[in-house]
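Novice: the following comprises the amino acid sequence and a computationally predicted model.
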Amino acid sequence: MLIKVFGSSVFGVEATTIVVEVNVDKGIGYHLVGLPDNAIKESNYRIAAALQNNGYRIPGKKITINMAPADLRKEGSAYDLTLALGILAASNQIKSEDIEKYLIMGELSLDGSLQPIKGALPIAIKAQEEGFKGFILPNQNAKEAAIVGDLEVYGVENIEEVIAFFDLGKPLERTHVDTRAEFYKRLDFPEFDFSDVKGQESIKRCMEIAAAGGHNIILIGPPGAGKTMLAKRLPSILPPMTLNEALETTKIHSVVGKVKNMGLMSQRPFRNPHHTISSAALVGGGSYPQPGEISLSHNGVLFLDELPEFERRVLEVMRQPMEDREVTIARAKFTVTYPSSFMLVASMNPSPSGYFNDKDAPVSTSSIEMQRYLGKISGPLLDRIDIHIEVTPVPFEKLSDDNKAENSVTIRKRVTRARDIQTKRFAQIENLHYNAQMNTKQIREFCMLNVTSKELLKNAMERLNLSARAYDRILKVSRTIADLERADNISGDHIAEAIQYRSLDREGWLG
């Protein structure tokens with residue numbers, strides 16, 4: 001008897017429906033075809049034990065299973081439940097009238113219980129698009145899949161519940177999620193808040209400007225100055241994610257199995273990879289490509305602590321994704337594209353010892369050692385970082401102050417207001433949403449200077465020996481400062497503040 005059961009394969013951040021055709025006929029043998037990987041080939045052992053422990057069996061006949069489309073490679077253990085139900089239905093051990101109306105996925109344990117799967121959200125979206133009545137999957141993934149409101153999602157603990165549903169008509173409990181309510185409920189409760197930061201008012205101002213314009217930023221300072229603490233709080237002042245952004249971000253995290261019982265992600269992601277990370281782990285890759293850290297930080301923040309300690313080759317692979325806001329991973333037979341629109345926040349010590357121009361420093365560093373250390377960061381990468389700011393240690397008086405600083409929700413209101421101004425400004429320009437994305441032509445159009453501001457900028461560049469690349473960056477940042485003040489035009493004050501945020505372009509830093 002031939003039975004068709006439906007599963008799904010995730011390719012990039014999109015799912016493809018897989019038709020599992022199970023045919024039970026006279027003879028002996030178990031044949032699984034359709035480019036399954038080793039995890040799927042081993043499934044017959046898990047299925048046999050799970051069925052045996054729940055009062056069923058794999059029939060002693062010739063079983064042929066085809067996973068179509070047969071030219072698409074399938075991987076992972078998530079097809080165990082799909083294959084098991086196909087075998088039971090094809091051997092007439094259970095009824096199968098409605099089995100084709102459901103998409104079924106799940107990894108089986110030997111006792112018949114189900115383990116969570118990866119990619120539940122993109123699979124649920126595909127199931128809803130293709131008109132399936134419902135999606136049956138492990139209970140741990142049910143909340144994630146139930147984000148898709150028009151699809152019946154049933155989370156189950158073991159295979160016995162699924163068998164009872166199809167064979168005996170015993171109803172399963174549907175998982176309901178009020179997506180909008182869940183999303184907005186968690187918006188104003190960030191895990192890390194700027195009110196925890198003592199002192200550092202000028203750095204907090206700088207972070208606010210970076211968030212308002214989407215600018216990449218690098219923090220330079222000695223150990224213990226608070227660089228990491230400040231970076232971790234940046235997502236809390238970024239504008240709240242829209243529902244579309246939240247769905248897009250959740251899909252990427254779902255592919256690598258990082259969502260589970262979380263449901264829809266409402267907080268912007270913050271990724272902090274170690275400096276020993278490889279190129280493939282950063283941008284994505286593998287024989288079957290998975291998203292890397294830059295894609296997992298999509299719509300959020302990628303924090304690279306101790307930037308010069310990263311391998312130069314690893315940092316250079318970020319250059320193209322930072323410009324295009326997506327990363328394409330090519331293999332011999334296919335190409336996968338992952339979105340990677342993130343804010344880069346980097347931190348570094350000013351020298352190998354961690355101290356620079358400090359007479360009281362416990363360890364001194366020669367100028368040659370310092371130049372070699374800073375030279376690990378390439379010019380093209382530095383060219384993509386708009387704001388450089390020096391972070392100094394907080395004095396005891398500030399640390400011991402009991403007064404609460406301004407919280408993240410208050411700062412975020414100002415940031416969101418500035419972003420709204422930019423959204424209206426760039427409404428007619430495709431793929432341009434905030435100031436950091438402006439190219440040279442758009443800078444000339446939207447960052448006009450009066451005579452006084454031009455003269456100020458000219459004098460600053462000459463006196464501070466600022467590089468040519470600093471010019472456009474200063475204009476972008478000054479445009480953001482003006483937006484925060486709701487000013488139509490850039491003034492001399494805006495230019496003067498933006499000039500302060502180009503530390504690494506000054507003489508004595510990078511040469």
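Specialist: Now that the structure is in, tell me what you want to look at.

Novice: residue contacts, the spatially most central residue of the chain?
Specialist: Among the residues of the chain, the one closest to the centroid is Leu296, at 2.3 Å (Cα atoms, centre = their mean). Neighbouring residues of Leu296 by Cβ atoms under 8 Å, 6 or more residues apart in numbering: Ile252, His253, Val256, Lys258, Pro269, Arg271. Using the backbone N, CA and C atoms, a C-beta is placed for each residue, glycine as well.

Novice: drop anything exposed from these.
Specialist: Ile252, His253, Val256, Pro269, Arg271 (16 or more other Cβ atoms under 10 Å).

Novice: now, those residues that are in strands?
Specialist: Arg271 (DSSP state E).

Novice: which among the buried ones among the contacts of Leu296 gets closest to Glu75?
Specialist: Val256 (13.5 Å; Cβ to Cβ).

Novice: ok, the closest one touching Glu293?
Specialist: No - between Val256 and Glu293 there is no contact under Cβ atoms under 8 Å: 10.7 Å.

Novice: distance of Ala330 from Leu264?
Specialist: 31 Å (Cβ to Cβ, to the nearest Å).

Novice: give me the more crowded residue out of those two.
Specialist: Taking neighbours as other Cβ atoms under 10 Å, Ala330 and Leu264 compare with Leu264 leading, 22 against 10.

Novice: so the more buried one is in contact with Ile147, correct?
Specialist: Yes - with contact defined as Cβ under 8 Å, Leu264 counts as touching Ile147 (5.1 Å).

Novice: anything in contact with each of the two?
Specialist: With Cβ under 8 Å, 6+ apart as the test, Leu264 and Ile147 both reach Val177, Thr179, Leu247, Thr250.

Novice: most surrounded residue in those?
Specialist: Thr250 (23 neighbours).

Novice: show me the shaky parts of the stretch 201-350 of the chain.
Specialist: For the stretch 201-350 of the chain, the stretches with pLDDT under 70 are 260.

Novice: what about the strands in it?
Specialist: 217-220, 270-271, 284-285, 290-291, 301-304, 326-330, 335-339, 343-348 (DSSP state E, counting those that start in this stretch).

Novice: just checking, what packs against the second one?
Specialist: I take that to be strand 270-271. Applying 3 or more Cβ pairs under 8 Å, 6 or more residues apart in numbering; DSSP states H and E, one finds that strand 270-271 makes contact with strand 301-304.

Novice: who's in contact with Tyr338?
Specialist: Applying Cβ under 8 Å, 6+ apart, the residues near Tyr338 are Gly12, Val13, Ile252, Gly284, Pro291, Gly292, Ser295, His298, Glu326, Val327, Ile329.

Novice: ah, wrong one, I meant Leu475
Specialist: Applying Cβ under 8 Å, 6+ apart, the residues near Leu475 are Ile443, Cys447, Leu449, Ile490, Ala498.

Novice: as JSON lines, those with pLDDT would be great.
Specialist: Compiled in JSON lines, the contacts of Leu475 are given as follows (pLDDT from 0 to 100):
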{"residue": "Ile443", "pLDDT": "92"}
{"residue": "Cys447", "pLDDT": "93"}
{"residue": "Leu449", "pLDDT": "92"}
{"residue": "Ile490", "pLDDT": "94"}
{"residue": "Ala498", "pLDDT": "93"}
